[in-house]
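A.B. asks: Just need the structure, nothing else, for what follows:
(one chain, ligands or ions: 1)
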Amino acid sequence: MSAAKAFPPARDWDILIIGGGITGAGILLEAARRGLKALLVEQKDFGCGTSSRSSKLVHGGLRYLASGGLRLTREAVHEREALLRAAPGLVEPQGFALAEHDPMLQPGKGMTTMLRMVDLLAGRREPRREHPEAQRRPVPDGAPAGGIRYTDAKTDDARLVLRVLDEARGHGAVACNYVTVQSLVRDGGKVHGAMLRDERSRAETAVRARVVVNATGAWSSLSAGESVPGRAPRLRQLRASHLVLPACRLPLAQAVSLLHPGDGRPVFVFPWEGVTLVGAADADQEEGTDMPAHITRREFDYLMAALRAQFPQLGLADADVVATFAGVRPVADPGQGGAPASEKREHFVWSEPGLVSVAGGKLTTFRAIALDVLRHVAQQIPGWQLRSERGPVFARVAVPARQDMPPAVLRRLAGRHGLQAKPLLGAAHKGELECIPGTQTLWAELRWAARAEQVYQLDDLLLRRTRLGLQLSRGGLDQMARIRAICQGELGWDDAHWESQERRYLVEWRKQYGIPAAG
Ligand SMILES: Cc1cc2nc3c(=O)[nH]c(=O)nc-3n(C[C@H](O)[C@H](O)[C@H](O)COP(=O)(O)OP(=O)(O)OC[C@H]3O[C@@H](n4cnc5c(N)ncnc54)[C@H](O)[C@@H]3O)c2cc1C
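C.D. replies: Alright, predicted model coming up:
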């Protein structure tokens, strides 16, 4: 990623994209790749909405197949495979074990047939049945007794957004964080651009664009401060919450999909970036999207109950949880108030003159969503036709082997940083090619992020450029002295600014990522 872009260059754009989550980033990349002059603006930090708070799975949507969503599964499996090929080190395979008593495995559900179909779509075949004895070992394998095994994939969602944005920049696109769309510019019933405000300088400017795309996710019904355009679907906002435990307290060799002892809903537990993730507890986000999403005490207790029932021998206590996080997804609301977990996860796109809006969908299928949006965009740009072929998601990146670093670490760096992996390594000071204890993140990644990855607030650095705020207890406070020694100079912050940022970060971390108080 290139250095900070404070405000977009004053020129006319073919396409202005509002929202720097995975949906906006994907549209930016596919538009720029096809020759459009493309600008993306994000009101806070890239990925700070749902796209850094997902369950971090790049998945084939097996459970959607169970409810008849063949098209969605086909798309998801295709994109999962494309991402596994294009971004090793960022998108990695993840083995799963399904409990024998999972309703999906019950006679008549055709689970084996579904798994064969997924294999067929992915172009590979894998053994399914676990040996019952292997399944009974709760730790480290942690699989429920009896069951079936399949492979999906996982990622670092925030880094996936950054990698897509970086790739888009390689095709001439511009992406600015901390730039808000305050309102749309309309003339004669058509949208022609937007009024932007730079959140750093408070400067305002108008930009013109042939088409504006509203990719503001859970915020999309607010359509940049306006009321919902006539044809927009009614949206229901669903929150899902997660726990993070250190791998030493909940060591797993593979992911486990287990059933909650209370209501039988699926809960998954899987190893991720040196920690173990547990999710998800679903609920309606009744606070709306003005408040950042956070786990409630009830959801926390619900997930802990699933862990304690599955792993009684570990004696897990609340204090074992290092962090929590919650994300909000918009789903179309038919007004029937169904159970949150049962709502469909498809995306939807709607248009009016000069404006295309998109909401919903999955991280996994961001490229398919982008192409769908661009199909609508093409109808509004005379003379521009959408080439819908899909090549590799990212250009190939090769990081030369080094004697002082294991290949797995180089693979991880190449996946997460793409073409920036080489300069990142070159910028490292002595001792910075070691992992920060308890994580797989190198100290050098902090230096590089502070220098070159558009960091404006400390939470950009600790929650999205790196994920230390999720992986270390107390949001990383115990490592803050060394983080500061590496990053303060790179960021150009004086002592007072660093200290106020640190205070602000810790307050926000407790609210959004901490352990909710009991009772
Ligand atoms: C809890 C949860 C778990 C999930 N797990 C998975 C999973 O494991 N795998 C998977 O494939 N999918 C998963 N999903 C779905 C996936 O995470 C979402 O579909 C995806 O992240 C949505 O991305 P987005 O870009 O549409 O929205 P967001 O990431 O929320 O981005 C929208 C952005 O728009 C910005 N914005 C809003 N208003 C303005 C404005 N006026 N000006 C400028 N910017 C603005 C916001 O700040 C925000 O950053 C999950 C979803 C949830 C909620």
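
A.B. asks: rest of the way, CA atoms for contacts and neighbours
C.D. replies: Fine.

A.B. asks: What separation do you get for Thr180 and Leu39?
C.D. replies: Note on Thr180: its distance to Leu39, by C-alpha to C-alpha, to the nearest Å, is 13 Å.

A.B. asks: Between the two, tell me which one has more neighbours.
C.D. replies: Between Thr180 and Leu39, Leu39 has the larger neighbour count (other C-alpha atoms under 10 Å), namely 26 against 22.

A.B. asks: State whether that one is indeed within a helix.
C.D. replies: No: when DSSP: H, G, I helix; E, B strand; the rest coil is applied, Leu39 is found to be strand, with no helix at that position.

A.B. asks: What residues of stretch 113-122 count as buried?
C.D. replies: 114-119, 121-122 (16 or more other C-alpha atoms under 10 Å).

A.B. asks: need the residues of the stretch 201-350 of the chain near the ligand, please.
C.D. replies: By the rule C-alpha under 6 Å from any ligand atom, the part of the stretch 201-350 of the chain lying against the ligand is 215-219, 224, 239-241, 326-329.

A.B. asks: from the residues you listed, which two are the most distant?
C.D. replies: Greatest spatial distance in those: Ala224 and Ser241, 26.4 Å, computed using C-alpha to C-alpha.

A.B. asks: and these two? which has more neighbours close in?
C.D. replies: Ser241 (25 against 20).

A.B. asks: The more buried one and Ala281 touch, don't they?
C.D. replies: Yes: look at Ser241 against Ala281 with C-alpha atoms under 8 Å: they come within range, at 5.1 Å.

A.B. asks: Give me the common contacts of the two.
C.D. replies: Glu299 (C-alpha atoms under 8 Å, 6 or more residues apart in numbering).

A.B. asks: show me where the stretch 301-450 of the chain has strands.
C.D. replies: 323-332, 347-352, 355-360 (DSSP state E, counting those that start in this stretch).

A.B. asks: And the strands in the stretch 1-150 of the chain, which stretches?
C.D. replies: Under DSSP E, counting those that start in this stretch, the stretch 1-150 of the chain gives strands at 13-18, 38-42, 57-58, 91-98, 148-155.

A.B. asks: Quick one: mean pLDDT for the last one?
C.D. replies: Looking back up the chat, that one is strand 148-155. Mean per-residue pLDDT for strand 148-155: 88.

A.B. asks: Point out the other helices and strands that that strand packs with.
C.D. replies: strand 57-58, strand 91-98 (3 or more C-alpha pairs under 8 Å, 6 or more residues apart in numbering; DSSP states H and E).

A.B. asks: measure the residue lying closest to Phe270 once chain neighbours are set aside to the ligand for me?
C.D. replies: Nearest residue to Phe270 in three dimensions, chain neighbours excluded: Ala255, at 4.1 Å (C-alpha to C-alpha, 6 or more residues apart in numbering). Distance from Ala255 to the ligand, counting by C-alpha to the nearest ligand atom, to the nearest Å: 13 Å.

A.B. asks: what residues are up against Ala255?
C.D. replies: Here Ala255 is in contact with 94-97, 143, 268-271 (C-alpha under 8 Å, 6+ apart).

A.B. asks: rerun at 6 Å
C.D. replies: 95-96, 269-270 (C-alpha atoms under 6 Å, 6 or more residues apart in numbering).

A.B. asks: could I get the strands of the stretch 1-150 of the chain as CSV with distance to Arg186?
C.D. replies: Formatted as CSV, those follow (distance: least, C-alpha to C-alpha, whole Å):
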stretch, distance to Arg186
strand 13-18, 14
strand 38-42, 18
strand 57-58, 38
strand 91-98, 41
strand 148-155, 39
